[in-house]
Structures are given as structure tokens and as C-alpha cells.
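Visitor: Mind looking at a prediction? Sequence and model below.
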There are 2 protein chains.
Amino acid sequence: MTTSIARAPLGEQVYLEIFQRIQRGLVPVGGRLKDSALATELGVSRTPVREALIRLAREGVLTATPGRGFRLAPLDPAELRETGSILAALEPLALEQSEPGPAQQERLTGVVRRLEQTRGDIAACIELDDEFHRILLEACPNRRLLGLVGTLRRSLRRYLHRYLERGGRVSLSTLQHARIADALRKGDRAAARQLLERKWHRGIDEIESALR
Amino acid sequence: MTTSIARAPLGEQVYLEIFQRIQRGLVPVGGRLKDSALATELGVSRTPVREALIRLAREGVLTATPGRGFRLAPLDPAELRETGSILAALEPLALEQSEPGPAQQERLTGVVRRLEQTRGDIAACIELDDEFHRILLEACPNRRLLGLVGTLRRSLRRYLHRYLERGGRVSLSTLQHARIADALRKGDRAAARQLLERKWHRGIDEIESALR
DNA sequence: AGACAGCTTATTGTATTCAGAATGTCTAAC
DNA sequence: GTTAGACATTCTGAATACAATAAGCTGTCT
């Protein structure tokens, strides 16, 4: 079935749909994703499903073993560490290349305020964290860097999800967000940069230890 | 290493083949890549060709406009700058995370020596430069970082190619390689790191100015 | 003569089909 | 009771077929 305005390539839509399902925990860790099943379930053919799965595999969310199909990659502390250390370098880089606008600072503090009010709502928390970083970096003219950061962040999202499920300390994260916003408001981009990097390293340590 | 049982996914082979063709300049800039033509030419069906083209498009080598197929993205100074600045951050990061082995230093100097002997052989020069970086970073345990660096390097290779075609100064590059190898031999990884970063920034500036 | 409209062709995007391979089961033998 | 082997089912990977859409061309009208 095609929606009235179905101008997006099918593979893209399927990609988003499958990704959301994974993020919502609808796919058991290590569970196989059979393209034929997904195809009938989504009402499309196997071809676009296959495209989406291949893309997800290339992004590291799925593991693709030839002949044995795709399965949801288990949460791997190594992935968290490795991808995290990349992001710990790239997000500060993006911030460095950005011109900090005053309108963004406004919105950032708004997001921080809303973050403080999320009481255990995991989905909202993740969404707000994402929005914070999006606003923080949106002024960066390096589009490729932004895209890369986006994919890397997505691949770590389920770790964050798991962390929060297990009673992760949202408040700590909130505090660090506030500090970064503060530094930016004072025009101290170098400080913001350092805080952002530290936030990553701390966050990774914390999430990793919580995964055990 | 390819598994003993030679079962390489067809899409992968096609990807490599098409990529090589692009790199060798066999595809005119802005030229369309028709999957059907490529399929018959390579003796495979359109499906794996399509996979390869989609992947190349995602990596930025091709532009994919819905309904109009794929075409070779023009050399864009912005891409050089953007991707280059990412690599200028990530390669030093990878070096930082590496344990420098003595065997590697040996091979590095070997590559430098061979680099000095390439007299205008562009392909060999690129290949050696690639090998230098591969050896330099191979001890890095962060596999994801290495993969990412590899992809980004590939997407810049045709810029390097163009640069060398237009009489780019290979020697300068060689000197910087030698310096990095030297620093490593002395065990000064911090210096090597800095040299590597500087090499990137210089290289990008140089290539960019030569593109005009 | 130039421009626009309609048709033709070619190419893309998606679906379906085909072949080979892997997994799981059933049976039989130890 | 356990294990090895063969068979059947299912799934993946690739090829082919089909539908929709954009480009190209020709003819006519202004």
C-alpha cells in the first residue's frame, strides 16, 4: 500500500521502520531478521527490505553473515567504546567548526529545562538528548561531519536506551548538558568543547559499567 | 582476508570494480552510471550492481536523484575540505589509540623508501601512500575507527588522483611521511600525531589550491 | 521558424522467480 | 539412549520480469 505522498524511496522508509522497531526493542537481541517475513509484514517486496538490511548491517546495527542472513548485533561493550571514542572526537570537532548563534543558546536552555522535567520517561529523555545535540551542532557548516555524527549517534542509541532502562542516572547527564549550555552562553566555546568531550568519555564509562 | 572458501558477496565485488573504474577516470565527471549497462558489462544482474551503486551514493561518490539514477558527483572542494577535516581528526585519534610496534616502523621506512623512488607513477604513489597509512594505523584496536578512516580515505582518493595528475608535488608528501616515520622510530608518538594532523591540513590546502 | 504537445523509447524502481545453501527433523543404526 | 546420516523445508542471494516514470523525438500549430 502506498501512502498518498509516497515520494520517498521505499528502501528509505523500510530502513526507518526497521530501525524504529529495533530501537523499541521489538527485535530480540541476536534475533534473526528474515527479509521475507519483513517484506510480507510491511507489504513490500524483499528488494527494498534487503537494501535496508544491508544498510543497517553496514552501520553496525546488524551483523550480516553470508548465507546466514541478518541478525541483531548483540550489545557489545567494544562497540560502545569504539564508536564512543570516535564521537568524543567528532562532536567537539563539529562544535569547533560551528558559529554559536544566540537563538540556539535560547533553545538549548529550553531543552535542558525540559530534560529536567522528564521523570523516567526514557523515550522522551533520549529524544531530548538528541535534540540537544542537534541544536548544538546545527550551525556546523560541515554537512558530512554532521551526517557522520548522526549515524554514529544512532548506532549508540540502543546502548543509551538499555542504560536508561536499567535505572541510568538521567540527572547526571542533565547537569552536563546544562554546563555546556552555560559555557556557550558565556561565549566560551573552548570550554564547551572540552565539556562536550568529557561528557562523552564520562557517559561511555558510565553506560559501560551499567551494562554489566 | 578472504575465507578459504571463495565466497565473496557479488555486490562487494561489483562495488570494488565500479570504484576502481571511477578512480581510474573511466567515468566522466557528471556521467550517468546506468545499472543495466553495467550489469551486462560485468556479466551480472542488475541487483548487485544496484546495491553497489546505492552504497557508493551513500558514501558520497555518486549522487542519486530519484527517478534519474546515479551520476558521478563532481569534484567538490567542499567535500575535500569537509571530509579532510574529519580525517585530520580521526587519523591522529587512531594513531593515539595504537601501540606502536617495532616491526611496523621497519615497514614504514620501507614504504617511504619506495615512495621516494616512484617517478611520476601516480597509481603506485597512491597505493604506497595508502599502504603507509594502513601500516601506521594497523595496530589500532579500534576496528570501527579503522573502517571509518578507510571509507573516508577512499572517498578522497580521486581528489588525490586529480591532484597528482596535475603535477602535484609528490616529494613534499614523501618528506612528511618520512618525518612521521622518524618520530615513531624515536618513540615520540605525540610528535607523530601532530605531524600526521599537520600533514592532513597541509595536504588539503595544497590539493584544494591545485584543483582550481 | 520556433515552441509546444503527444507519442515513443529507454531507464529506473519494485516485484517476483529461480537456484543454491543452511537448518532442522526424522529415521535408523550402534 | 544417543548419534550419524539423509531428506525436507526454509531462507538467502541473484536473476529476471513488470510497472511507472522521465527523457527524447517528431509532428503540428502558431
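Guide: Perfect, thanks for sending it. Residues are numbered from 1 along each chain as shown, chains lettered A, B, ... in the order given.

Visitor: okay, the strand or helix carrying A:Ala181 in PDB with CA atoms only?
Guide: Using DSSP states H and E, the element containing A:Ala181 is helix A:170-185. Output of helix A:170-185 as PDB, limited to C-alpha atoms (Å, rounded to 0.1, in the frame of the first residue of the first chain):
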ATOM      1  CA  VAL A 170      19.500  10.800  33.800                       C
ATOM      2  CA  SER A 171      20.200  13.700  36.200                       C
ATOM      3  CA  LEU A 172      23.900  13.500  35.800                       C
ATOM      4  CA  SER A 173      23.500  13.800  32.100                       C
ATOM      5  CA  THR A 174      21.200  16.700  32.500                       C
ATOM      6  CA  LEU A 175      23.800  18.500  34.600                       C
ATOM      7  CA  GLN A 176      26.400  18.200  32.000                       C
ATOM      8  CA  HIS A 177      24.000  19.400  29.400                       C
ATOM      9  CA  ALA A 178      23.400  22.500  31.500                       C
ATOM     10  CA  ARG A 179      27.000  23.100  31.900                       C
ATOM     11  CA  ILE A 180      27.600  23.000  28.200                       C
ATOM     12  CA  ALA A 181      24.800  25.400  27.500                       C
ATOM     13  CA  ASP A 182      26.200  27.700  30.200                       C
ATOM     14  CA  ALA A 183      29.600  27.800  28.700                       C
ATOM     15  CA  LEU A 184      28.100  28.600  25.300                       C
ATOM     16  CA  ARG A 185      26.100  31.400  26.800                       C
END
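
Visitor: which other residues reach that helix?
Guide: Helix A:170-185 has contacts (Cβ atoms under 8 Å, 6 or more residues apart in numbering or on different chains) with A:100, A:104-105, A:108-109, A:111-112, A:115-116, A:118, A:120, A:125, A:129, A:132, A:136, A:164, A:189, A:191-192, A:195-196, A:198-199, A:202-203, A:206. In this view, the C-beta of every residue, glycine as well, is placed from N, C-alpha and C.

Visitor: same question, stretch A:192-210
Guide: Taking Cβ under 8 Å, 6+ apart as the rule, stretch A:192-210 contacts A:77, A:80-81, A:84-85, A:87-89, A:91-92, A:95-96, A:100, A:136, A:159-160, A:163, A:166, A:168-169, A:172-173, A:176-177, A:179-180, A:183-184.

Visitor: are any of those buried, and which?
Guide: Burial by neighbour count, 16 or more other Cβ atoms under 10 Å in any protein chain shown: within those this picks out A:80-81, A:84-85, A:87-89, A:91-92, A:95-96, A:100, A:136, A:159-160, A:163, A:168, A:173, A:176-177, A:179-180, A:183-184.

Visitor: tell me, which of those residues make contact with DNA strand D?
Guide: Among the buried ones among the contacts of stretch A:192-210, proximity to DNA strand D is found for none (Cβ under 7 Å from any atom of the strand).

Visitor: Of those residues, which belong to helices?
Guide: Of the positions in those, A:80-81, A:84-85, A:87-89, A:91-92, A:95-96, A:136, A:159-160, A:163, A:173, A:176-177, A:179-180, A:183-184 sit in helices, assigned by DSSP state H.

Visitor: Which pLDDT does the model give A:Ala139?
Guide: Looking at A:Ala139, its pLDDT stands at 94.
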